[in-house]
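Student: heads up, no residue letters with this:
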């Protein structure tokens, strides 16, 4: 929903390019039957299956934020495969375990928590939680989108987290764009907020001295995985040197299934990325001086405004109609503070 993406098959709700509707063969798309499992129940089951110490150590070095309860209201991911859904639940559970006490309850209205267009061909869910007083979290956005388009079915799941200007630590982007049982575009990154040439210590602290690049290389070494390059130079310019931007194709003879790739390769990389972000960024101790915050805020707001004005506001109405799109855009603008 918030990916910095320009892909010919996809139509993410945020930063969607207006030329993104070329028509690949409908044979590469598929439809999944919704699953009736709600996210809070799934998280409870997942958490109950592990001791608190195991749950905490899985994504933490033991420093920074403490564990907290899940508070997501809409993330049931009804159109994903079981393996994919389980991974998303585990990632969101990790965020809730660490950041739950530092987040306000969701204030997203019910008709934005879950929404669809009039024909029922496009459905989505959006939940946004803002950081509490004293937290370095600006907001955490979770979403899924399922659209039955003329050329097939598209499923997008997103986890996007912005930090406040009290820290210059990177933001988090995770987005899965699936346009068939054998095809997935995956973006995972800690979005840098400093010029990495002017701030070599920033590059070293968040990227060089972390396992991010090793995780990227490990994922790209899988035979079904190939690097993906967006055709948008702007999009490529905001990503970090360790960004995971890959195309997973399981359609060739002898290839593993998507669920196998998700289990054996994607899950490990995703947990590594979110673990580094939680430890080094969201729960890190890095603060910036008051005099530096204006520049950080300016850069963050430029990204937020570009997200809404250029991409989201111009494309959501095409999928959901003006009324539904207006509600969703308004909720995101409120969370973005723009």
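Tutor: It's in. All figures in this text were calculated on a predicted structure; none of them were measured in a lab.
Student: Where do the strands of the stretch 201-338 of the chain begin and end?
Tutor: Assignment of strands within the stretch 201-338 of the chain using DSSP state E, counting those that start in this stretch yields the ranges 225-227, 244-249.
Student: Show me the one of these that comes nearest residue 113.
Tutor: Smallest distance to residue 113 across the strands of the stretch 201-338 of the chain (CB to CB): 28.6 Å, for strand 244-249. Where you see a C-beta, it was placed from the backbone N, CA and C, and this is true even at glycine.
Student: Please state the offset of that closest one from the chain centre?
Tutor: Computed by CA atoms, centre = their mean, to the nearest Å, the chain-centroid distance of strand 244-249 equals 15 Å.
Student: swap in stretch 297-306?
Tutor: 18 Å.
Student: For that stretch, buried residues please.
Tutor: Residues 299-300, 303-304, 306 are the ones in stretch 297-306 that count as buried (16 or more other CB atoms under 10 Å).
Student: Which of the residues you listed fall in helices?
Tutor: Counting by DSSP state H, the part of these found in helices is 299-300, 303-304.
Student: and the gap between residue 263 and residue 107?
Tutor: From residue 263 across to residue 107, the span is 35 Å (CB to CB, to the nearest Å).
Student: what about these two, which has more around it?
Tutor: More crowded of residue 263 and residue 107, by other CB atoms under 10 Å: residue 263, with 16 against 11.
Student: Let me know whether that one touches residue 83 as I believe.
Tutor: Yes. Between residue 263 and residue 83 there is a contact under CB atoms under 8 Å: 5.5 Å.
Student: what about the helices in the protein?
Tutor: Here the chain has its helices, by DSSP H, at 39-48, 52-57, 82-99, 110-113, 200-203, 212-220, 233-238, 258-261, 267-276, 290-305, 313-320, 322-336.
Student: which residues of this structure score low on pLDDT?
Tutor: Scanning the chain for pLDDT under 70 picks out the ranges 1-74, 253-255, 310-311.
Student: Now do the contacts for residue 241.
Tutor: By CB atoms under 8 Å, 6 or more residues apart in numbering, residue 241 lies in contact with 196, 203, 207, 213.
Student: Oops, could you answer that again for residue 112 instead?
Tutor: Applying CB under 8 Å, 6+ apart to residue 112 gives the contacts 126, 327-328, 331.
Student: Please tell me how far it sits from residue 144.
Tutor: In this view, residue 112 and residue 144 are 13 Å apart by CB to CB.
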